[in-house]
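S.K.: The sequence and its predicted three-dimensional model are supplied below.
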Amino acid sequence: MKLTRDTWIAIGILLALIVVISAAALQQSKGLNSISYLSTSSAPDGTLALKLWLHELGYPSIETAPAVFDPVGDIKTIFILQPILSITEGEWKLLDQWVERGGVLILAGDNSQSMSAFKHFEFSPSFLQGQPSGLAPAAPILNSPSLTEKAAVKTDMGLDSARTDFTPLMNAGGSPVIVTFEQGQGRVILSATPYLFSNAALKDDTAAALVLNIIALSGAKNKVWFDEWHHGFQAGSIIGPSEWLQNTPGGHALLFVVGAIFLAMLLQGQAFGRPVPLIHEIKRRGPLEHVTAIANLNRKAGHRNEVLSQYRQRVKRHLGQRYRLDPSMNDTEYVNLLADYNPAIDRDALLILLKRLSQKNISEAELLKLAAEAARWIND
């Protein structure tokens, strides 16, 4: 079978889409695997060891990803380690309220998003002079367990602030690297190095002792939450094809390819398929056919009571329209008032008709008779 030109174009488009989507999915997978300080990662720069260690110490972690960023419930401690997404103003408002109610926020990182988060607490990064050999204790509150030597954690960054209400915990090269301060009933701990919490760092006894001291500042043991929201793992962020197209590299690639192909074919003036002849004669259904169809549907559904009720309302509404009478009035009261305005009305006949129109479960033949009689009252 000989393939037409349109068929070859369709095959080419399909193959191009398959290649682009596969490449985008592979790239996205590599991107997720390259994220540091994930609580599910056993890589040297992951924090799975910290999460498992805290669980053994009595600090269970929240495993489910929230549908929205809302640090509520019985969470006592939140770890935000090396975020790759900026924390929005709305999220800061929620975090501040949570801390002021007694939560402990541990924020550590050395990337631009972390530096921006430090500025929220009026801290700015500063480059350390030389190459510090490690972190040295700067406050006597770090004594459980006691730190007798420097923690083998290298860092190039320190923290500067005009605030006077913070306590330096660890110094490097004479500058504070880890600081803490109270906020409301809670506490904030900032670290210019996230390495301290990584799987690789916890292999060192001194670094592990330092982490224990930091965790002890949170007070009573309770649930902890490793914030993966700002690592890009957000439940419900992709819920359908449109969200996939808008929020994933594969979707962006697909939209780009489709747009490029459409533009190329548009510029070439090529038709997308064989011409479709116009329909010269369009048959339309008449109004009577529509009325008949609706009547047949009502008949099959057995809506005789509803039809009678409509006729009853139409009769009362039509007769009382001139005198502004409420059709929802009691039939006897309505007829008496109508007869006062219009003595020519046959009061007894109208009462009998309204009573018959209020019947239930009548036959179809009786329905037709009552409909004809009601129509005469309406048309007279």
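M.R.: Nice, I can see it.
S.K.: and L190, which of the three is it?
M.R.: The three-state label given to L190 by DSSP: H, G, I helix; E, B strand; the rest coil is strand.
S.K.: Would you check how far apart it and A349 are?
M.R.: 91 Å (CB to CB, to the nearest Å). Bear in mind the C-beta positions are built from the backbone N, C-alpha and C, glycine included.
S.K.: now G12
M.R.: Using CB to CB, G12 is found at 81 Å from A349.
S.K.: Considering only helices and strands, which part of this protein has the lowest mean pLDDT?
M.R.: Using mean pLDDT, DSSP states H and E, helix 241-247 stands out as the lowest-scoring helix or strand of the chain, at a mean of 61.
S.K.: Tell me which helix or strand comes right after it.
M.R.: Next in sequence after helix 241-247, counting helices and strands by DSSP states H and E, comes helix 249-268.
S.K.: So which elements touch that next one?
M.R.: helix 5-33, helix 241-247 (3 or more CB pairs under 8 Å, 6 or more residues apart in numbering; DSSP states H and E).
S.K.: Give the buried residues for stretch 366-380.
M.R.: Within stretch 366-380, the residues scored as buried using 16 or more other CB atoms under 10 Å are L367, L370, E373, A374, W377.
S.K.: did I read that right, the first one in a helix?
M.R.: Right, L367. Yes. According to three-state DSSP, L367 belongs to a helix.
S.K.: I'd say it and R304 touch.
M.R.: Yes. Look at L367 against R304 with CB atoms under 8 Å: they come within range, at 5.1 Å.
S.K.: on that earlier part again, out of the helices and strands packed on helix 249-268, which gets the lowest mean score?
M.R.: When the helices and strands packed on helix 249-268 are ranked by mean pLDDT, helix 241-247 comes last with a mean of 61.
S.K.: Can you flag which of the buried residues of stretch 366-380 belong to helices?
M.R.: L367, L370, E373, A374, W377 (DSSP state H).
S.K.: Tell me which residues touch the second one, please.
M.R.: If a contact means CB atoms under 8 Å, 6 or more residues apart in numbering, then L370 has L308, Y311, L353, R356, L357, I362 as its contacts.
S.K.: now it: how far from V224?
M.R.: Counting by CB to CB, the separation of L370 from V224 is 75 Å.
S.K.: still on that earlier bit, between the contacts of L370, identify the one with the most neighbours.
M.R.: Counting neighbours by other CB atoms under 10 Å, the top entry in the contacts of L370 is L357, with 24 neighbours.
S.K.: Quick one: residues contacting the nearest residue to that one once chain neighbours are set aside.
M.R.: Nearest residue to L357, sequence neighbours excluded (CB to CB, 6 or more residues apart in numbering): R312, at 3.9 Å. Contacts for R312 (CB under 8 Å, 6+ apart) come out as L354, L357, S358, A374.
S.K.: Pick out the most distant pair among those.
M.R.: Across the contacts of R312, the longest distance by CB to CB is 12.1 Å; it joins S358 and A374.
S.K.: ok, back up a step: quick one: which of L190 and A349 has more around it?
M.R.: Shown here are L190 and A349; by other CB under 10 Å, L190 has more neighbours (24 against 12).
S.K.: does that one really touch V177, like I thought?
M.R.: No. Using CB under 8 Å, L190 makes no contact with V177, being 9.2 Å away.
S.K.: so what sits against both of these two?
M.R.: In contact with both L190 and V177: L159, using CB under 8 Å, 6+ apart.
S.K.: separation between the nearest residue to A339 once chain neighbours are set aside and T332?
M.R.: Nearest non-adjacent residue to A339, counting by CB to CB, 6+ apart: R347, 4.7 Å away. Distance, R347 to T332, by CB to CB: 10 Å.
S.K.: Let me see the domain layout of this structure.
M.R.: 36-231, 287-379 (automatic domain parsing).
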